[in-house]
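> Predicted model, plus sequence, below.
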Amino acid sequence: MKLLAIDTSNRPLSVAVLEDAKILATTTTNVGRNHSSTLLPIIEQSLAQAGFKPDDLDRIVVAAGPGSYTGLRIGVTTAKTLAFTLHKELVGLSSLEALAGNVLMEGQLVSPLFDARRDNVFTGLYRIENQRPVQVIADQHISIAEWTDQLAAYPEPVTFIGADVATYEAPLKEQLGDRFVRAQPQLDLPQASVLGLLGQTAQPVEHLHAFVPDYLRLTQAERDWQAKHPKEDHAPYVEKI
Amino acid sequence: MEKQNLILAFESSCDETSVAVIRDGHEILSNVIATQINSHKRFGGVVPEVASRHHIEQVTICIEDAMTEAAVTYDDLDAVAVTYGPGLVGALLVGVNAAKTVAYAHHLPLIPVNHMAGHIYAARFVKPFEFPLMALLVSGGHTELVYMQADGQFEIIGETRDDAAGEAYDKIGRVLGVPYPAGKVIDEMAHKGNDTFKFPRAMIDEDNYDFSFSGLKSAFINTVHHADQIGETLDKNDLAASFQASVVDVLTSKTLRVLKQYPVKQLILAGGVAANHGLRERLQEVLPKEFPNTDLVLAPLKLCGDNGAMIGAAGYVQYQHQQFGDATLNADPSLEFDWMPNMPH
């Protein structure tokens, strides 16, 4: 299976080309340049290095969220359009799961974490089983205090991974004590190669047109509107004219 | 027979996702438009993050429908054109990344198109352009007089110093209780009322080609609030008619003034507000009298709002000049036309 994997969920950008379990090309940057300018050129380069044309691909795997809304849309638009226009399989995986996949200690609990600002994070809980992350608590947008409360139910060490862990290290340590384990910082960058390996066995998307990022949050405007109009619905929101 | 040119064109700068297939720059094979009006109505205006989310829901559906309706395959296409600005950055990014991906996947050249140029080229579906021409470009975000000496050359001669005309419509629409987008309803109300309030015509006598609509908007709002305070009920149709009369007077008189200094073969009316019947009728009435040698070209009603077809028409001109972008193309939310050198601004 020839596979392209894309992760632009946050500041890092990662692209990989795989053939079955073999990683042929991988590029990961963490320079904060605009993903919209850099993603497609890196895909072009990576496929060229692997000796593939876009049409040779069998499957495209994308980190579908959570993460930066704009970053997610760049990766998902590119992956979705590529899969659609070339009639290829598309797989969307959790951006948090992909990051948790960097940890390979069998049996270990992992909490990958992205900052969502104002003491909130995007996170979930995974356990490494047979060398891959298996979800224990679903990905969510949650305050750091509530998250440590939830983790109280698991009286064992939890490995925290992600560049944003540093922001919350103090409250996490305070609440979890010795159970707080910091993954080695060199593992903090998501790797599309890991995403690609995880995506190889995942179920492809059934309804490609309906595939969108997992933002895990409504927009502020929609939350406000729903609070004021609990029973109203304007759907369909988009109409063909 | 000469080979036909086919361009797949994307537009996603605001609250419409649109993909079109255009033949030879002036024939629409398909023009699929998915509008989000029903969503943004909830908020009284376009919410950028909501718009971006809708675009990504729609974009591949629009490509599929546009290709199917046009009955073409990717092999038939010559290029992919896309709006890369101006507009909402998150919204633009969906179209730009989808278009770049299609171009890459099918080895097609990519044409980055200025959205405002697209609006002008909506008129190309009526008849060929004859240069020099002047375009009165009126939309929710822009109010400009654009001089064109040739295809692809845009020189701004005058523009609004504050609100765009379409923006003023939306703002007074809120005061009148008209749901977003207000332009069409106010236009209809205006036709049932009379200009009884005589709102100011800002800058109408000033010797320049710029516009201002914020004073009119304030005068309108003050009139309504004052009436509310003294318990007086004003005729909403007359209010709409008075507002529209001021907008149309200013747009028309500034346009006639500019045509005196810039003799042109055609005057193009384009942009979302170009769908306004009051404005279309006034120009049709006065232009033949004042400038019998200038041909008025009104953008077709269906192509005044945002659409992919107009991007394909503008893109075709760039295709002929080999103005291509590459895989690094990014959205430019504040993309501008160049200013004409030596013009007072």
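Looks like it came in fine.

> okay, CA-based contacts and neighbour counts for the rest of this
OK.

> Distance of the residue positioned nearest the centre of chain A relative to residue A:63?
With distances taken as C-alpha atoms, centre = their mean, chain A has residue A:95 as the residue nearest its mean C-alpha position (0.9 Å). When C-alpha to C-alpha, to the nearest Å is the yardstick, residue A:95 and residue A:63 sit 5 Å from each other.

> wait, isn't residue A:15 in contact with residue A:26?
Yes - Residue A:15 is in contact with residue A:26 according to C-alpha atoms under 8 Å; the separation is 5.7 Å.

> one step back: residues in contact with the residue nearest to the centre of chain A?
A:7, A:9, A:63-67 (C-alpha atoms under 8 Å, 6 or more residues apart in numbering or on different chains).

> Which neighbours do residue A:95 and residue A:63 have in common?
The overlap between the contact sets of residue A:95 and residue A:63 (C-alpha under 8 Å, 6+ apart) consists of A:7, A:9.

> Give me the domain ranges for chain B.
Domains of chain B are assigned by automatic domain parsing as B:6-121+B:304-320, B:130-298.

> do the same with chain A
According to automatic domain parsing, chain A comprises the domains A:2-94+A:190-218, A:103-187.

> where exactly do the helices run in the chain?
In the absence of a named chain, chain A is used. Chain-ordered helices for chain A, with DSSP state H as the definition, fall at A:35-50, A:69-86, A:95-100, A:144-151, A:169-176, A:192-199, A:220-228.

> try chain B instead
Taking DSSP H as the criterion, chain B carries its helices at B:37-40, B:48-70, B:89-105, B:115-121, B:165-176, B:183-192, B:214-229, B:236-261, B:277-290, B:308-320.

> Enumerate the residues of chain A near chain B.
Near chain B, the residues belonging to chain A are A:36-38, A:40-41, A:54-55, A:70, A:73-74, A:77-78, A:80-82, A:84-86, A:209-212, A:219, A:221, A:225, A:234-241 when assessed by C-alpha under 8 Å from any C-alpha of the partner chain.

> Please pick the buried ones from those residues.
Neighbour-count burial (16 or more other C-alpha atoms under 10 Å in any protein chain shown) is assigned, among the residues of chain A next to chain B, to A:36-38, A:40, A:54, A:70, A:73-74, A:77-78, A:80-82, A:84-86, A:209, A:211-212, A:237-238.

> Spell out which parts of chain B neighbour chain A.
Residues of chain B lying near chain A by C-alpha under 8 Å from any C-alpha: B:32-39, B:42-43, B:47, B:49-50, B:54, B:56-58, B:60-61, B:90, B:93-94, B:97-98, B:100-102, B:105, B:327-331.

> Spell out for me the PyMOL command that would select the buried members of the residues you listed.
The following PyMOL selection, which keeps only the buried ones among these, applies the criterion 16+ other C-alpha under 10 Å:
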select buried, chain B and resi 32+33+34+35+36+37+38+39+42+47+49+50+54+56+57+58+60+61+90+93+94+97+98+100+101+102+105+327+328+329+330+331
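
> neighbour-wise, which of residue A:15 and residue A:26 wins?
When neighbours are counted by other C-alpha atoms under 10 Å in any protein chain shown, residue A:15 comes out ahead of the other of residue A:15 and residue A:26, with 29 against 22.

> ok, and the closest non-adjacent residue to that one?
Counting by C-alpha to C-alpha, 6 or more residues apart in numbering or on different chains, residue A:6 is the residue found nearest to residue A:15 once chain neighbours are left out, at 4.7 Å.

> Any idea what the one you found is bridged to?
Going by DSSP bridges, residue A:6 is paired in beta bridges with residue A:15, residue A:62.

> shouldn't it be in contact with residue A:62?
Yes - look at residue A:6 against residue A:62 with C-alpha under 8 Å: they come within range, at 4.8 Å.

> Find residues that contact each of those two.
Taking C-alpha under 8 Å, 6+ apart as the contact definition, residue A:6 and residue A:62 share the neighbouring residues A:75, A:79, A:195.

> Buried among those? Make that a ChimeraX selection.
The buried subset of these, as determined by 16+ other C-alpha under 10 Å, is captured in ChimeraX by this line:
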select /A:75,79,195
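
> Which of the shared contacts of residue A:6 and residue A:62 sits closest to residue A:187?
residue A:195 (13.6 Å; C-alpha to C-alpha).

> any idea how far that closest one lies from residue A:215?
Computed with C-alpha to C-alpha, the distance linking residue A:195 and residue A:215 is 18 Å.

> Could you do residue A:237 as well?
In this view, residue A:237 and residue A:215 are 18 Å apart by C-alpha to C-alpha.

> Test my guess that residue A:27 contacts residue A:17.
No - using C-alpha under 8 Å, residue A:27 and residue A:17 do not qualify as a contacting pair, with a distance of 9.3 Å.

> between those two, which one's more packed in?
The residue with more neighbours, out of residue A:27 and residue A:17 and counting by other C-alpha under 10 Å, is residue A:17; that gives 28 against 17.

> burial count for the residue nearest to residue A:58 when sequence neighbours are not counted?
In space, and not counting its chain neighbours, residue A:58 is closest to residue A:2: 5.2 Å by C-alpha to C-alpha, 6+ apart. If you count neighbours by other C-alpha under 10 Å, residue A:2 ends up with 18.

> List the residues that contact residue A:2.
Residues touching residue A:2, when contacts are defined by C-alpha under 8 Å, 6+ apart, comprise A:17-20, A:56-59.

> Quick one: residues contacting the nearest residue to residue B:279 once chain neighbours are set aside.
With C-alpha to C-alpha, 6+ apart as the criterion, residue B:279 has its nearest non-adjacent residue at 5.5 Å, and that residue is residue B:248. By C-alpha under 8 Å, 6+ apart, the contact list for residue B:248 reads B:278-279, B:282.

> From those residues, list the buried ones, please.
Under a neighbour-count criterion of 16+ other C-alpha under 10 Å, the subset of the contacts of residue B:248 counted as buried comprises B:278-279.

> For the contacts of residue B:248, could you give me JSON lines that also reports pLDDT?
What follows is those, written out as JSON lines (pLDDT from 0 to 100):
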{"residue": "B:278", "pLDDT": "95"}
{"residue": "B:279", "pLDDT": "97"}
{"residue": "B:282", "pLDDT": "97"}
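
> buried ones in stretch B:66-76?
B:66-67, B:70, B:74.

> With stretch A:177-196 instead?
Buried residues in stretch A:177-196, defined by neighbour count with 16+ other C-alpha under 10 Å: A:179-183, A:187-196.

> and the residue nearest to residue B:147 when sequence neighbours are not counted, how many residues sit next to it?
Nearest non-adjacent residue to residue B:147, counting by C-alpha to C-alpha, 6+ apart: residue B:134, 4.6 Å away. Counted with other C-alpha under 10 Å, the neighbours of residue B:134 add up to 29.

> Nice, that's everything, thank you.
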